Structure formats: structure tokens, C-alpha cells
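Have a look at this prediction, sequence included:
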Amino acid sequence: MLLVIDVGNTNIVLGLFRGTELLENWRVNTLRERTSDEYGILFRSLLSSRGIEPDDVEDVITSTVVPPMNYVLERTCSRYFGKKPLQVGPGLKTGMPILYENPREVGADRIVNAVAAFEEYNSGGIVVDFGTATTFDAISHKGEYLGGAIAPGAGIGAEALFQRASKLPRVGMEKPPQVIGRNTVHSIQAGLFFGYVGLVDEIVLRMKAEIVAYAEKDGVKSDAFFVIATGGLGHLIASESKTIEKVSENLTLEGLRLLYEKNRRR
């Protein structure tokens with residue numbers, strides 16, 4: 001079985017694959033102060049809760065947007081699973097040209113998502129990932145990573161209001177009954193939720209126009225185009241968005257599996 005681990009700023013998501021089948025997945029908090037031993041015990045406990053032994057793990061692949069976690073994960077996997085993990089980064093074959101000015105600046109999770117989405121749709125499109133930051137990643141009709149956009153995550157906006165406006169309460173990201181709030185909580189939720197839906201749809205529409213124009217330079221005109229969302233708020237925002245077509249909760253895990261297949265150690 002293959003263990004895939006994606007480390008974000010807020011959460012670590014783990015998945016266990018047998019072949020192409022995702023058997024289990026877990027989500028835990030990213031705590032940078034945890035040691036490799038603490039993570040090792042935690043990961044083994046999660047597997048054990050499903051009757052899976054460490055020896056059942058045949059290999060490991062990881063991606064992280066938290067650089068210090070690379071070393072921690074390497075020690076964790078080596079000591080507790082007997083495997084040095086493949087790490088998504090420079091030198092790993094992706095099969096996807098990165099057209100960023102400096103490819104090393106692109107977050108590992110963004111490349112992983114783009115690879116998974118293009119594998120599924122084989123067309124130009126956009127991945128919207130709702131995490132600590134919300135990222136928009138553009139993929140060309142030829143399977144190139146064109147670039148993207150980064151916006152503050154909705155949670156950051158909610159927390160900023162609470163921290164900087166003394167009379168406003170801390171409010172979770174939820175869809176309110178209507179856009180015209182009749183109390184403070186609903187008013188904040190209206191601003192956060194509908195404002196964020198508008199942000200997403202506007203960026204997607206503008207980005208789509210640029211991707212289509214890029215394809216037309218190659219003489220390619222096609223109606224095939226995808227907009228896929230992933231991350232914690234994907235379903236919530238998609239419920240009102242006019243541009244998001246599908247939500248894939250496990251897109252990053254699937255992308256890690258695909259990258260492992262492209263770089264399988266013999």
C-alpha cells in the first residue's frame with residue numbers, strides 16, 4: 001500500500017492507496033512544534049485504528065508548503081515506516097511543464113492538484129483550492145502549468161475582522177439566510193460568504209478568458225474546459241458559485257498517487 005501525505009499550513013492530510021483505490025484518509029492539525037516521534041506515533045495510531053500495520057505501507061510520497069516539515073516527515077517515515085519518502089519538489093518528474101518565471105516558487109500542492117486535474121480532464125482548466133490561502137491554478141490545453149492567483153483564505157478574512165474591529169464577534173464561514181443581514185452575525189457572514197463567491201467567480205472568469213486566448217494562439221478552439229474545486233470550503237462555495245463545476249475532496253491525494261506512479265522506485 002502507498003501512504004501519501006500532504007502538509008498544508010493548517011492541516012496535514014494523509015491517504016492510503018491500494019493500487020488506484022483510496023482506502024482511507026485522515027486530516028490532522030499541522031503543528032510545527034511536534035517532533036518526528038510525535039508525528040510517527042500519531043500516524044501509526046491512525047493506521048492501527050483501521051487495522052493497518054506499518055509493514056503494510058510499501059512506500060510513501062509527501063508534499064508540503066511548510067519547508068521545515070520536509071525534514072520532520074523524512075525522519076518520521078524512515079523511523080516509523082522504514083521508508084525514505086519521495087518528496088514533491090525540484091527533481092521529481094511531473095510530466096507537466098511549469099511556465100512560472102521561477103518554477104521553484106510554485107507550491108508543491110498546486111503542482112500536485114494541477115497534475116491530478118489534467119489527468120482527469122485532459123483539457124485546459126482551473127483548480128481552485130480552498131485552504132489557508134485560496135489558490136487558483138491555470139492549466140493549458142497542452143497540460144502546461146501556466147500560473148495562477150493567490151488570495152487570502154476566507155478564514156483569514158473572518159479572523160482579521162475579529163482582530164481589527166473591536167465590536168465585531170468571531171464568526172465562522174457559513175452561508176447566511178440572505179445577503180441583507182438582519183443581525184451582526186448574518187451581516188458578517190453575508191460579507192464573507194457572498195463576497196468570497198464573487199471573488200472566486202470573477203477570478204475564474206478572467207482566468208478562463210486568458211487560458212482560452214492562449215489556446216487560440218495555437219489554433220485550438222474547444223468547448224472542453226474544467227473548473228474544479230478542492231479544500232475545506234469547496235462544497236460551501238460551490239453551492240453558490242456560477243463557475244465551479246465539480247468539487248473533489250481528494251484531488252491532492254490523487255495527484256500524489258499519480259506523481260508516485262511517474263517516479264516509482266524500482
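Done, it's in.

list the contacts for residue 144?
Counting by Cβ atoms under 8 Å, 6 or more residues apart in numbering, residue 144 makes contact with 96-99. Heads up, the C-betas are built off the backbone N, CA and C, glycines and all.

Restricted to helices, list these.
Among these, none falls in helices (DSSP state H).

what about burial for the residues you listed, which qualify?
Neighbour-count burial (16 or more other Cβ atoms under 10 Å) applied to the contacts of residue 144 gives 96, 98.

Nearest to residue 112 among the contacts of residue 144?
Nearest to residue 112 among the contacts of residue 144, counting by Cβ to Cβ, is residue 96 at 10.1 Å.

Dump stretch 83-94 to CSV, restricted to CA.
The C-alpha trace of stretch 83-94 is given here as CSV (Å, rounded to 0.1, in the frame of the first residue of the first chain):
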residue,chain,number,x,y,z
LYS,A,83,10.8,4.2,4.2
LYS,A,84,12.5,7.4,3.0
PRO,A,85,9.7,9.3,1.3
LEU,A,86,9.6,10.6,-2.1
GLN,A,87,9.2,14.4,-1.7
VAL,A,88,7.4,16.6,-4.3
GLY,A,89,9.9,19.2,-5.3
PRO,A,90,12.7,20.0,-7.8
GLY,A,91,13.9,16.9,-9.5
LEU,A,92,10.7,15.0,-9.3
LYS,A,93,9.1,14.2,-12.6
THR,A,94,5.7,15.7,-13.0
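
buried ones in that stretch?
Within stretch 83-94, the residues scored as buried using 16+ other Cβ under 10 Å are 83, 85-88, 92, 94.

Show me where the stretch 51-200 of the chain has its strands.
Taking DSSP state E, counting those that start in this stretch as the test, the strands found in the stretch 51-200 of the chain are 59-64, 86-87, 125-130, 133-139, 145-152.

Going by distance to residue 177, which of the contacts of residue 144 wins?
residue 96 (42.7 Å).

Please report how far the residue lying farthest from the centre of the chain lies from residue 194.
Largest separation from the mean C-alpha position in the chain: residue 182, at 34.6 Å (Cα atoms, centre = their mean). Separation of residue 182 from residue 194 (Cβ to Cβ, to the nearest Å): 15 Å.

Having no further points to raise, I will conclude here.
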